[in-house]
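Visitor: Model the following, please.
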Amino acid sequence: MPDRTPSTEVLVVGGGMAGLAGALALRSNGAEVTLVERAPEFGEVGAGLQMAPNASRVLKRWGLLEKALEIGVRPKHLVFRDALTGEELTRQTLGGDFEERYGAPYVVIHRSDLHRILLEACQEAGVHLVNDVVVDNVETVNGRGIAHTARGEVYEADVVIGADGLKSTLRAAVAQDGPVSSSYVAYRGTVTITAETPAADLEDVIVYLGPDCHLVQYPLRKGELLNTVAVFKSPSFERGEEQYGGVDELEAAYRDCVPAVRAALQNLATGIRWPMYDREPIENWIDGRLVLMGDAAHPMLQYLAQGACQALEDAAALQDSTLGSVFTADGVNARAWDLAISDFNVARAGRTARVQRTARVWGESWHVSGVARVLRNLLFKSRKDGDFQYNDWLYGQTSEALVGTRS
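Guide: Here you go, the predicted model:
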């Protein structure tokens, strides 16, 4: 028999960015929310994270943007360079007209800092947070979600939010698929900025584009740290090896790059690498009273820097679809959940599928060589700073681009 049967209005499975954002959004609507996380402690691994205005607008809505700005950095420009020559290809000014157009700033922040901000907001809002809980499956019985854990516990809820990430167990309820290998891996690292650190690029997000590789650098924690990410096509990962002993592949991938790029490799932590996966887009995220969000629903490659951003958009959309329907001035209308999560699914599936697919194409354009590289560079150089035609669909405040723009 189950050890216990905790009951709640909303059960969120997964304590990463998506789960915490979803829990906070629904708690803000008045929901009784329980969030369960498989790890014994809450935390976020990784290094830097880019928050475009479509994400920082959501933080602004929740009153959390100032906290992010206190610890993050507002870069002045997003700059693309050719990794073989160092030539600047294009530059986007991120303040001024850009910020005014999109209603919020572009912010770079340490993943652990953003995670902590969301976690503390959940704690302050009264979300019930439970660690060391592994949910194996969810079924719908008599209009309620029943979550079964590995220890035999049962959680009941009006709705279960599956936010268990790229390797989601709960996704199996709606799709019999698996993560798709990109053949690329990432090494990351943060180092303290010192007087010897080259100062030229410490106010910008810099992306160097090379054949089968790229490198990204930007400052973190009010300019105290320099974040570096190196991504390259890995022969060993193509063979199925997620980890790899030694750095010969890393060094070989960047051997023809300019000295600034090769020198930046010294900033990386090479004890672990991050294999890059996504999944094919799916239209349906719902099984009964289970609904997916975040990477469980739409994992994407990082070339548009939108993974966490789309999770925050999800949470804002879920907040909107349930406010006034499930959560009303007269109380909770549990019967409205089916339509509310259906509206959420419809509002988000097309949008996130476009981001997933565009991220793949965008990454391919970064890594070309030969004639394709020449043409890519010419195209990039033809774009003028202040030309927003390539940004509006992703960062814009139209109903197609983003639900959840209320402040």
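
Visitor: CA atoms for contacts and neighbours, from now on please.
Guide: Will do.

Visitor: if I pick the nearest residue to residue 128 once chain neighbours are set aside, what's in contact with it?
Guide: The shortest distance from residue 128 to any non-neighbouring residue, by Cα to Cα, 6 or more residues apart in numbering, is to residue 34 (4.5 Å). Residue 34 sits next to 8, 10-12, 23, 127-130 when contact means Cα atoms under 8 Å, 6 or more residues apart in numbering.

Visitor: In a strand, residue 34, correct?
Guide: Yes. Counting by DSSP: H, G, I helix; E, B strand; the rest coil, one finds residue 34 located in a strand.

Visitor: and it, how far is that from residue 317?
Guide: Using Cα to Cα, to the nearest Å, one obtains 19 Å as the distance from residue 34 to residue 317.

Visitor: list the helices and strands whichever strand or helix holds residue 348 packs on?
Guide: If you go by DSSP states H and E, residue 348 is part of helix 337-366. If contacts are counted by 3 or more Cα pairs under 8 Å, 6 or more residues apart in numbering; DSSP states H and E, helix 337-366 sits against strand 286-287, helix 307-322.

Visitor: average model confidence for that helix?
Guide: The pLDDT scores in helix 337-366 average 97.

Visitor: Then stretch 310-317?
Guide: 98.

Visitor: Stretch 227-246 too?
Guide: 90.

Visitor: Now do the buried residues in that stretch.
Guide: 227-234, 237, 242 (16 or more other Cα atoms under 10 Å).

Visitor: Residue 358: which of the residues you listed is nearest?
Guide: residue 231 (17.8 Å; Cα to Cα).

Visitor: Let me see the contact set for the residue nearest to residue 44 when sequence neighbours are not counted.
Guide: What sits nearest to residue 44 in space, not counting adjacent residues and going by Cα to Cα, 6+ apart, is residue 112, at 5.1 Å. Residue 112 sits next to 43-47 when contact means Cα under 8 Å, 6+ apart.

Visitor: where does residue 112 land in three-state SS?
Guide: helix.

Visitor: For it, give me the pLDDT.
Guide: Residue 112 is given a pLDDT of 93.

Visitor: what do you get for residue 91?
Guide: In this prediction residue 91 is given a pLDDT of 95.

Visitor: Over to residue 139?
Guide: On the pLDDT scale, residue 139 gets 97.

Visitor: One more: residue 1?
Guide: For residue 1, pLDDT reads 41.

Visitor: swap in the one 5 residues further on?
Guide: Each residue has a pLDDT score; the one for residue 6 is 76.

Visitor: Enumerate every residue touching it.
Guide: 154-156.

Visitor: redo that, cut-off 6 Å
Guide: residue 155 (Cα atoms under 6 Å, 6 or more residues apart in numbering).

Visitor: And the one 3 residues further on, by the same measure?
Guide: By Cα under 6 Å, 6+ apart, residue 9 lies in contact with 32, 157-158.

Visitor: Tell me the strands beside the strand or helix carrying it, with direction?
Guide: If you go by DSSP H and E, residue 9 is part of strand 7-13. In the sheet, strand 7-13 lines up against strand 33-37 (parallel), strand 154-162 (parallel) (DSSP bridges).

Visitor: Perfect, that will be all.
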